[in-house]
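Student: A structural model of the following input is requested.
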Amino acid sequence: MKKSIWTAPLLGVTLLSIMAPSVVNAATSASDMISNGEVTFKADSSITDPKDPLDPTDPNPIKPIDPSNPGGNPTPGTSGPLSLDFVSSFTFGEAAISSDDAKYYAKPQAFTQQDGSTVDRPNFVQISDKRGTFEGWTLKVKQEKQFAVKDDATRELIGAQLKFKNASLVSATDAKYAPTGLGSFELIPGTAQIAPVEAVKDQGMGTWIYRFGDDKQMNRSVELSVPGKTPKMAKAYVTALTWTLESTPANTTTKP
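Tutor: Predicted structure coming up:
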């Protein structure tokens, strides 16, 4: 009987010690309130500087060199929230006149680093979409005319053809928003534009680099083929490529 009498008080103390905190909490709870957070973004029309085509996440600025401009200064990119920031010019160097079919490769894109030294990178096109509309866009290109002697456009490099290879898209933006780009394409002088890169709705936001080759392929990714049967003057031959960025949805463009 004594054992039964002592057990009950111990049990009672244990229950009280467990239940007491919940009783206190219930008594001291305050009413709930909600505070809100908000941030608003707007379209950005400022010019976007060229990025490093091997590492677009690198914050250190590097300046591309344009061999077709005096002093090597690059042509400024277009303004506006949907912009073409940079396009490489392609230099194939000097070659001996030959009666054999031949292929020549564009030199890589040279950059000046902060310390004044130069580095080579893949040739590339850079596009920025800072509209904030998620509409998509299309990049088109056209070779206006055949390669011709610089001071005599009637003397063409008949049958010469430009081919772009090993192309890929890179960006600091999440890859799930990547546009669709052709891995390779050829240009036929004087014909309609082709669309090597297309972004449908919910694609292509941010800055994207369409590069030709990587650190291993950049020396052989922009190719000029010239027939051996074509007569060649001992002069410089030039051509012009027109790159166009349109806000038109990709499904209305022309494939090569």
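Student: can you give me the strands in the stretch 1-150 of the chain?
Tutor: Taking DSSP state E, counting those that start in this stretch as the criterion, the stretch 1-150 of the chain carries its strands at 63-64, 82-87, 102-105, 109-112, 118-121, 123-129, 137-143, 148-149.
Student: now swap in the stretch 151-256 of the chain and tell me
Tutor: Secondary structure of the stretch 151-256 of the chain by DSSP E, counting those that start in this stretch: the strands cover 152-156, 161-164, 167-171, 180-181, 185-187, 194-199, 206-212, 222-226, 237-238, 241-246.
Student: and of those strands, who's closest to D100?
Tutor: Ranking the strands of the stretch 151-256 of the chain by distance to D100, with C-beta to C-beta as the measure, places strand 222-226 first at 9.6 Å. C-beta: built from backbone N, CA, C; applies to glycine.
Student: Ok, which of the strands of the stretch 151-256 of the chain comes nearest I127?
Tutor: Closest among the strands of the stretch 151-256 of the chain, once you apply C-beta to C-beta, is strand 206-212, at 5.1 Å.
Student: how about CSV for the strands of the stretch 151-256 of the chain, with distance to P70 and mean neighbour count added?
Tutor: Written out in CSV, the entries for the strands of the stretch 151-256 of the chain read as follows (distance: least, C-beta to C-beta, whole Å; neighbours: other C-beta atoms under 10 Å):
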stretch, distance to P70, mean neighbour count
strand 152-156, 22, 12
strand 161-164, 24, 19
strand 167-171, 29, 20
strand 180-181, 32, 16
strand 185-187, 26, 17
strand 194-199, 29, 23
strand 206-212, 25, 24
strand 222-226, 23, 20
strand 237-238, 15, 16
strand 241-246, 20, 15
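Student: what's the closest of these to D52?
Tutor: Nearest to D52 among those is strand 206-212; the distance by C-beta to C-beta comes to 8.5 Å.
Student: same question for the closest one, mean pLDDT?
Tutor: Model confidence over strand 206-212, given as mean pLDDT, is 99.
Student: Who does that strand pair with, and is each partner parallel or antiparallel?
Tutor: For strand 206-212, sheet partners with direction are given as strand 123-129 (antiparallel), strand 167-171 (antiparallel), following DSSP bridges.
Student: So D49 is in contact with N60, correct?
Tutor: No. Using C-beta atoms under 8 Å, D49 is not in contact with N60, being 11.2 Å away.
Student: Point out the one among the strands of the stretch 151-256 of the chain that comes closest to Q114.
Tutor: Comparing the strands of the stretch 151-256 of the chain under C-beta to C-beta, the one sitting nearest is strand 206-212, at 19.7 Å.
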